[in-house]
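Novice: Attaching a predicted model along with its sequence, questions to come.
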Amino acid sequence: MANARDDSTGRYAFLSSLDAGQLEKLLKTDYSGSMSEEASEEFIDAIIEVMVGKDKEEPLGCFTDVDKAWADFQTYYNVPERDGQLLYPDLVSSAPAPSQKERIRRPKRFLRRVSLIAATLFIFCATVVGAQASGIDVFGFLAQWTEDVFVYKPDSEYYPAIRDAFAEHHFPKELAPKWYPKGFEPAEPEYYEEKSSTSVNTLFRNVPENKRFSVLVRRYVSPERLLTLEHQRDSDSQQQYTGGGKTFLIVSNEGHTTATWSDQETLVMTISGDLPLKDVKKIIDSIGG
Amino acid sequence: MKRITTFLLALALAVACALSLPAAASTYASETICSSSADMEAGTKPGQLLIEYSVSANTEGTSLGVRKIEIYKMNGDYVATYLGSVNNGLIIKNDSFHMGTYIYNNAVSGQYYYAEVTVFVTTATATDDYTQTTPTIKAP
């Protein structure tokens, strides 16, 4: 590098008379083409030498104090005692890493699922309790399950006789109810045979209370004959009730309850008489199995 | 596709539930009669018609059964009336269910007939009648 100070009387001597701004302009000038590469490098070195000299006399602000910068780095940035650790641990801890964001989302999804399951269980329990309150002995029914077979255990002594009467006259045994309200005693099941139908009617009496009800099953020779059977009922009084695997149509008729089921082919079953609705439903629930 | 399948299954279930409803129920309310039926079948002999009936009471009836049977030709021409009694078996006492067959032997073979059957139940406090029409049957 040419030494401009040494060349104070040479071709670059004029540089000493220029101020810092002029020297910067010269540095920014593109000398390619106007002078050889070697000459341009020599010229630039001469400019820098002059600027360094002037900076020592009065700081120009364009040269970094390397020693000061190194001292600042050592003071404010360099932490040799924490080698291997994060430089700005406070900034990093406040911003969650992507994997942490996923872990936050997962607890929310889990809570949502748990809430949904809890709500479903609550509705189920409320329904069961409501059914119990309305007279349906749900828990009593459940309590009679056996380990091997899902069967409603008959708790009436009258069940075998009625079941046998059904079987004897070729009616499905499973139609025989296994539960009957206390205080009622059955008469002998009566069998009727006509050309278009056969029937078994069992009458139950509660003599002290002067009440009665009957369980009637009938088989017709053809589905068309089903239409000849008519039940009296109050208008708009019907409701459906499913129990024992059968859906009954329950109607009221001047204060009396009648429940009827049909397979829509040839079979009809009717439970009717002086029974409250809840007892009719319990009889229905005991059918089947 | 999943929604369509679900909808079709729900529709099929609704139809199945509707089809499982039992026999027709009239909208006639009665203080004494629970249910009744009336039917007609061809007999085993020429000109013989079988008129089948049943009546069920809400409670025990002092008497119940068939008050009368009126027989008509298919075109509505009146043929005959038969009144019920204990003697002819159409009426019984102190019971809640009665069922039976009345045999009519004077039909003309090959002609069509129907009957109007009036049943009743009388209790200690009330009595009620109900009339049903049988299907039309060809006399053998």
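Specialist: Good, I have the coordinates. Note that the coordinates shown come from a computational prediction; the quantities given were computed from them, not determined experimentally. Residues are numbered from 1 along each chain as shown, chains lettered A, B, ... in the order given.
Novice: what distance separates stretch B:46-58 from the centre of its chain?
Specialist: Distance of stretch B:46-58 from the chain centroid (Cα atoms, centre = their mean, to the nearest Å) equals 7 Å.
Novice: List the buried residues for that stretch?
Specialist: For stretch B:46-58, the neighbour count (16 or more other Cβ atoms under 10 Å in any protein chain shown) marks B:48-58 as buried. For the C-beta atoms, the positions are set from N, CA and C on the backbone; glycine is no exception.
Novice: Near chain A, list only the ones from those residues.
Specialist: Among these, the residues within reach of chain A (Cβ under 8 Å from any Cβ of the partner chain) are B:50, B:52, B:54, B:56, B:58.
Novice: Can you tell me the closest non-neighbouring residue to A:Val52?
Specialist: A:Phe63 (7.1 Å; Cβ to Cβ, 6 or more residues apart in numbering or on different chains).
Novice: Test my guess that the one you found contacts A:Asp55.
Specialist: Yes: between A:Phe63 and A:Asp55 a contact is recorded at 5.3 Å, counting by Cβ atoms under 8 Å.
Novice: Those two - which one has more neighbours?
Specialist: A:Asp55 (15 against 12; other Cβ atoms under 10 Å in any protein chain shown).
Novice: check which helix or strand covers that one.
Specialist: In the assignment (DSSP states H and E), A:Asp55 maps to helix A:37-57.
Novice: what's the following helix or strand after that helix?
Specialist: Toward the C-terminus from helix A:37-57 - assigned by DSSP H and E - lies helix A:66-76.
Novice: and that next one, average pLDDT?
Specialist: On average, the pLDDT along helix A:66-76 is 81.
Novice: now that helix, how far from the chain's geometric center?
Specialist: 60 Å.
Novice: Mind listing what's buried along it?
Specialist: Buried residues in helix A:66-76, defined by neighbour count with 16+ other Cβ under 10 Å: none.
Novice: Can I get that helix in PDB? Just the C-alpha atoms.
Specialist: Written as PDB, here are the backbone C-alpha positions of helix A:66-76 (Å, rounded to 0.1, in the frame of the first residue of the first chain):
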ATOM      1  CA  VAL A  66     -12.100  -1.500  17.700                       C
ATOM      2  CA  ASP A  67     -10.700  -1.600  21.200                       C
ATOM      3  CA  LYS A  68     -13.800   0.100  22.600                       C
ATOM      4  CA  ALA A  69     -16.100  -2.200  20.600                       C
ATOM      5  CA  TRP A  70     -14.300  -5.300  22.000                       C
ATOM      6  CA  ALA A  71     -14.500  -3.900  25.500                       C
ATOM      7  CA  ASP A  72     -18.300  -3.300  25.100                       C
ATOM      8  CA  PHE A  73     -18.800  -6.800  23.800                       C
ATOM      9  CA  GLN A  74     -16.900  -8.300  26.800                       C
ATOM     10  CA  THR A  75     -18.900  -6.200  29.100                       C
ATOM     11  CA  TYR A  76     -22.500  -6.500  27.800                       C
END
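Novice: Lowest average confidence across helices and strands of chain B, where is it?
Specialist: The helix or strand with the lowest mean pLDDT-type score in chain B, counting by mean pLDDT, DSSP states H and E, is helix B:2-19 (a mean of 62).
Novice: Following the chain onward from it, which element is next?
Specialist: Next element after helix B:2-19 (DSSP H and E): strand B:33-42.
Novice: wait, does that next one contact chain A?
Specialist: Yes: using Cβ under 8 Å from any Cβ, strand B:33-42 comes into contact with chain A via B:33-39, B:41.
Novice: measure A:Tyr159 to A:Lys281 for me?
Specialist: 17 Å (Cβ to Cβ, to the nearest Å).
Novice: picking that back up, what is the lowest-pLDDT residue among the buried residues of stretch B:46-58?
Specialist: Across the buried residues of stretch B:46-58, the smallest pLDDT goes to B:Asn58, namely 90.
Novice: which residue packs closest to that one, ignoring adjacent ones?
Specialist: Leaving aside its chain neighbours, B:Asn58 sits nearest to A:His256 (4.3 Å; criterion: Cβ to Cβ, 6+ apart).
Novice: these two touch, right, the one you found and A:Ile271?
Specialist: No: in this structure, A:His256 is not within contact of A:Ile271 by Cβ under 8 Å, at 11.3 Å.
Novice: Could you list the residues in contact with stretch A:247-263?
Specialist: A:226, A:231-234, A:237-242, A:246, A:268-277, A:280-281, A:283-284, B:17, B:20-23, B:25, B:29-31, B:34-35, B:58-59 (Cβ atoms under 8 Å, 6 or more residues apart in numbering or on different chains).
Novice: Can you go through those and name the buried ones?
Specialist: By neighbour count, with 16+ other Cβ under 10 Å, the contacts of stretch A:247-263 hold A:226, A:231-234, A:238, A:241, A:246, A:268-275, A:280-281, A:283-284, B:20-23, B:25, B:29-31, B:34-35, B:58-59 as buried.
Novice: for the closest residue to A:Tyr180 other than its chain neighbours, what are its contacts?
Specialist: Among residues not flanking A:Tyr180 along the chain, A:Ser156 sits closest, at 4.8 Å (Cβ to Cβ, 6+ apart). Listed by Cβ under 8 Å, 6+ apart, the contact set of A:Ser156 reads A:177-180.
Novice: Would you check which pair of the residues you listed lies furthest apart?
Specialist: Among the contacts of A:Ser156, the pair separated by the greatest distance (Cβ to Cβ) is A:Lys178 and A:Tyr180, at 8.4 Å.
Novice: what sits in contact with each of the two?
Specialist: A:156, A:159.
Novice: wait, doesn't A:Ala167 sit right on A:Lys173?
Specialist: Yes: look at A:Ala167 against A:Lys173 with Cβ under 8 Å: they come within range, at 4.9 Å.
Novice: and A:Gly288, helix, strand or coil?
Specialist: When classified by DSSP: H, G, I helix; E, B strand; the rest coil, A:Gly288 comes out as coil.
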